[in-house]
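**Q** Show me how the following folds:
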Amino acid sequence: MKTFVAAAITLMSLPAAAQTQYYDNIVLRQNGNIVYQNKATNIDSIAMENNKTQIALYDRDGGLLFSTSAADTRMDVEQGAPIADMLDLVFNEDGTATDISALGLPVTNNAGGVSTYYNPTFKRYVARFNNTWAGTTSTYFRINYGSNKSFIDLLKDGHTLEAVVMANYTPPIANGEAKFFSSHEAGGTGLMVCKTSGSRGNELTFLPNVSTTGKSSWKWATSGIVPQPKQYYHVVGVWDKDEKKAKIYVDGVLKNAVDAEGELVLPKANSQWFGVGCDAGPSAQLGWNGDVVLARVYDAALTEDEVSKLWEDVKRYEDNASTTLVDNVQYCDGLAVKPGCYYQIMGTGFKEGDQLRLQQKYNATNTFTLPCVLTPMGVAVQMPEGIATGSYRLTVVRGTDTQLLGLTSLVVMDKIPAGAQVIAHRGVWNNSDASQNSVASLNAALAMKVYGSETDVWSTTDGHLMINHDATINGINIENSTYDQVKDQKLKNGETISQLQDFLNILKTSTSPTKLVLEQKEHSSDARNEAVAQAIVAAVNAAGVQDKVEYISFSLAACKTFAKYAPGVRVAYLKGGMAPADLHKDGITGLDYHIAEFRAHPEWVKQAHDLGMSTNVWTVDAPKDMAYITNLGIQFVTTNKSAEATIIKAYYDEAAKSSK
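**A** Presented below is the predicted three-dimensional model:
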């Protein structure tokens, strides 16, 4: 934290406790009364302004947090809330999550990612789960700890779980176990909404499995609170091994304490992971529908005073929340703009007469208040003269009411490039019942009319060309097996594995402009790669769909073979590490590289285009990365998020027209 403090302000640090670590709180007092306090980690700079008569505190987004007279003002650094030392999830813009605790556990999500959005109340990205309440889980985060002895030992010595959640359901609440942060399967610990049983209702509950015999024994610390839809709750579960109690706090208040003597019984070996948005198990189960703001694990049985400090941090955000004017707001970081073009924001609740305020980070004098034009997806504002590249705080203004939407970066360009054409990675599957590389995923891509639908091709030992990404399916190695050995294998959606011919037959009768982008998987030798490439070209030619396909591969030998036997059809190399000229001399007509290659060699984009070669990036799912590659002038993007990529393409195409 950068700190600039006048001599008139007293700064005092208090020592932290010996065992539990705590955040520092910045506390401002005037005449002995607290006028402002916040975590030091939330404050980027403290400055003296207006000829040193005013003290101002700014957040990490460059926004003003608080300003007051410097006269008779004392600033102290005091002990604040405990630090989550075992797990502390931060949700990211791109649908991923990161553990920022000292342990730094790896966090994975289900294929296709989780929906996240910037929440102006809590000033952070929040995860939104659309699972069936207490049922099928399609979106969740997974934090494995089964092989982490340190984490297990800390968990078994007593622990605290913390979450801030909001349920989303149409009353009445369904009677089932809906788990938003848990690790249960014949053991474990977690936070949830329980189902009715005996005296238990559909309550917010802390449920550790603690036993004196080693056998499963659930300790139901129920709260008596049925979560209401669209309302946030701060939920803390404490298992105090020494005190032999399991406790639940809701919004800082102790709601229940039950006996919990013994040792923590761990979940089964295949279920030793924490689920956020679901429960653990052999697979994700008992889904949560709603928001999760934060999820944390502490290596301590926190005291009532410590839990109260956690609640104070949450309540401070809620008390200072701006008026909710619009909802479901989405925008893309890093979009290209220029004076005259229209910048678009998606969301619901925008009204005629709304304005959008853009305030440049750390430069309040560079502020623009722009009239909003309503669009089917939200609003658009026309970029003014004087707009500069940089980070901007976005605020919607409606009369005297305002709502902070978040921070975004804008990239001013002399000419807005056309939007990158969208190639659906293994088809369109992550928002439907389709599986990757299935007939359903191909048909969904054709229906969406994206530029291309990418799919993966292997050859069996007897020359059958099979559609599958991995080298194996259900444990069977395709390249080393016969057609009879693989032909009946099932995909996750119940389809039987397809042959290339099945996809070509669909392509022959389709009127969609979507192309089939065939990735030949890298086989065991160059000779094998060349033979398979020739077989693929022969199948395409026999089907008469040469104008509806393109070829890609990590195998340079395969790419050279495609270029030789399929003249006039685009062929792109995937592995990277080769400049455009080196590929061009072998007849390869495109670069299809990971984004890191173009970050390291942005000059390759122009070099490729000068040679008449195409440029594509795989596999880009974060909107800000889509904006980055489009700004570079890259022509195609392969993505699992085809709908989002299509929206960004439409923005660039429209912005390019409106800025002329």
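**Q** what are the ranges of the strands in the stretch 451-600 of the chain?
**A** Counting by DSSP state E, counting those that start in this stretch, the stretch 451-600 of the chain has strands at residues 452-459, 465-467, 472-473, 476-477, 515-520, 549-553, 571-573, 590-594.
**Q** Who are the packing partners of the second one?
**A** Contacting strand 465-467 under the criterion 3 or more C-beta pairs under 8 Å, 6 or more residues apart in numbering; DSSP states H and E are the following elements: strand 452-459, helix 500-509, helix 526-543. To be clear about C-beta, it is placed using only N, CA and C from the backbone, and glycine gets the same treatment.
**Q** So which elements touch the first one?
**A** Spelled out, it's strand 452-459. Under the contact definition 3+ C-beta pairs under 8 Å, 6+ apart, strand 452-459 sits against strand 421-424, helix 439-448, strand 465-467, strand 515-520, helix 526-543.
**Q** mind putting these in TSV, distance to A336 included?
**A** Output for these, formatted as TSV (distance: least, C-beta to C-beta, whole Å):
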stretch	distance to A336
strand 421-424	17
helix 439-448	24
strand 465-467	37
strand 515-520	26
helix 526-543	37
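**Q** Y652: which of those is closest?
**A** Closest of these to Y652 is strand 421-424, at 10.9 Å (criterion: C-beta to C-beta).
**Q** Spatially nearest residue to A566 (excluding sequence neighbours)?
**A** Distance criterion C-beta to C-beta, 6 or more residues apart in numbering; nearest residue to A566, sequence neighbours excluded, is V537 at 4.9 Å.
**Q** Isn't that neighbour up against F562?
**A** Yes - if you go by C-beta atoms under 8 Å, V537 and F562 touch, sitting 6.6 Å apart.
**Q** shared neighbours of these two, anything?
**A** Common neighbours of V537 and F562, using C-beta atoms under 8 Å, 6 or more residues apart in numbering, are Y551.
**Q** So these two - more neighbours on which side?
**A** Under the criterion of other C-beta atoms under 10 Å, the comparison of V537 against F562 puts F562 first, with 30 against 21.
**Q** so how far is A102 from that one?
**A** For F562, the distance to A102 equals 50 Å [C-beta to C-beta, to the nearest Å].
**Q** So which of the helices and strands packed on strand 452-459 is nearest D259?
**A** helix 439-448 (51.6 Å).
**Q** still on that earlier bit, can you tell which of the strands of the stretch 451-600 of the chain is closest to V412?
**A** strand 590-594 (26.5 Å).
**Q** Tally up the residues packed near A656, please.
**A** 17.
**Q** Look up the pLDDT of it for me, please.
**A** Here the pLDDT value assigned to A656 is 87.
**Q** OK, contacts around it?
**A** Counted by C-beta under 8 Å, 6+ apart, A656 has contacts 341, 415-419.
**Q** Give me the buried subset of those residues.
**A** 341, 416-417, 419 (16 or more other C-beta atoms under 10 Å).
**Q** which sections of the stretch 101-250 of the chain are below the confidence cut-off?
**A** Residue ranges of the stretch 101-250 of the chain with pLDDT under 70: 111-112.
**Q** What segments of it are helices?
**A** Along the stretch 101-250 of the chain, counting by DSSP state H, counting those that start in this stretch, helices occupy 149-156.
**Q** Tell me where it has strands.
**A** Counting by DSSP E, counting those that start in this stretch, the strands of the stretch 101-250 of the chain are 108-109, 115-119, 124-130, 141-144, 159-167, 178-184, 188-193, 204-206, 210-211, 221-222, 232-240, 245-250.
**Q** Select, out of the strands of the stretch 451-600 of the chain, the one closest to F151.
**A** Proximity to F151 (C-beta to C-beta) singles out strand 472-473 among the strands of the stretch 451-600 of the chain, at 30.9 Å.
**Q** low-scoring stretches of the stretch 501-650 of the chain, by residue?
**A** Filtered on pLDDT under 70, the stretch 501-650 of the chain yields no residues whatsoever.
**Q** mind checking the longest strand of this structure?
**A** In the chain, with assignment by DSSP state E, the single longest strand is strand 401-412.
**Q** Give me the contact list for that one.
**A** With contacts defined as C-beta under 8 Å, 6+ apart, strand 401-412 is touched by 61-63, 118, 120, 123, 322-326, 329, 331-338, 343, 345, 357, 361, 387-396, 627, 631.
**Q** just stretch 595-607 next, same as before
**A** Here stretch 595-607 makes contact (C-beta under 8 Å, 6+ apart) with 576-577, 579-581, 591, 593, 615, 617, 620, 625, 628-629, 632-634.
**Q** Contacts only, for the residue nearest to the spatial centre of the chain.
**A** The structure's the chain has its C-alpha centroid closest to G95; by C-alpha atoms, centre = their mean the separation is 0.9 Å. Contact analysis of G95 by C-beta under 8 Å, 6+ apart lists 109, 113-116, 621-622.
**Q** mind checking the SS state of V307?
**A** Judged by DSSP: H, G, I helix; E, B strand; the rest coil, the three-state class of V307 is helix.
**Q** Could I get the contacting residues of it?
**A** 160, 236, 238, 249, 252, 254.
**Q** got a list of what V428 touches?
**A** 434, 441, 444-445, 448, 450, 453, 642.
**Q** Select, from the residues you listed, the two members most distant in space.
**A** Taking C-beta to C-beta, no two of those sit farther apart than A434 and V450, at 14.1 Å.
**Q** picking up where we left off before, skipping its backbone neighbours, what lies nearest the residue nearest to the centre of the chain in space?
**A** Nearest non-adjacent residue to G95, counting by C-beta to C-beta, 6+ apart: G113, 3.2 Å away.
**Q** Does the one you found touch T96 like I think?
**A** Yes - counting by C-beta under 8 Å, G113 does reach T96; the two are 6.9 Å apart.
**Q** So what pairs up with A257 in the strands?
**A** For A257, the beta-bridge partners are K247 (DSSP bridges).
**Q** Tell me how far it lies from W218.
**A** A257 sits 15 Å away from W218, going by C-beta to C-beta.
**Q** repeat for V258
**A** For V258, the distance to W218 equals 10 Å [C-beta to C-beta].
**Q** do you know which of the helices and strands packed on strand 465-467 lies nearest M48?
**A** Between M48 and the helices and strands packed on strand 465-467, the shortest gap by C-beta to C-beta is with strand 452-459, which sits at 56.6 Å.
**Q** out of the helices and strands packed on strand 465-467, deepest packed?
**A** The highest mean neighbour count among the helices and strands packed on strand 465-467, using mean count of other C-beta atoms under 10 Å, belongs to strand 452-459: a mean of 25.
**Q** Show me how far that one is from its chain's centre.
**A** Relative to its parent chain, strand 452-459 has a centroid offset of 26 Å by C-alpha atoms, centre = their mean, to the nearest Å.
**Q** so what strands line up beside that strand?
**A** For strand 452-459, the paired strands and their directions (DSSP bridges) are strand 421-424 (parallel), strand 465-467 (antiparallel), strand 515-520 (parallel).
**Q** how about TSV for those strands, with distance to S199 added?
**A** Putting the strands paired with strand 452-459 into TSV (distance: least, C-beta to C-beta, whole Å) gives the following:
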stretch	distance to S199
strand 421-424	51
strand 465-467	54
strand 515-520	58
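**Q** Rebuild those as a markdown table, extending it with mean neighbour count.
**A** Converted to a markdown table, those look like this (neighbours: other C-beta atoms under 10 Å):
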| stretch | mean neighbour count |
| --- | --- |
| strand 421-424 | 26 |
| strand 465-467 | 24 |
| strand 515-520 | 25 |
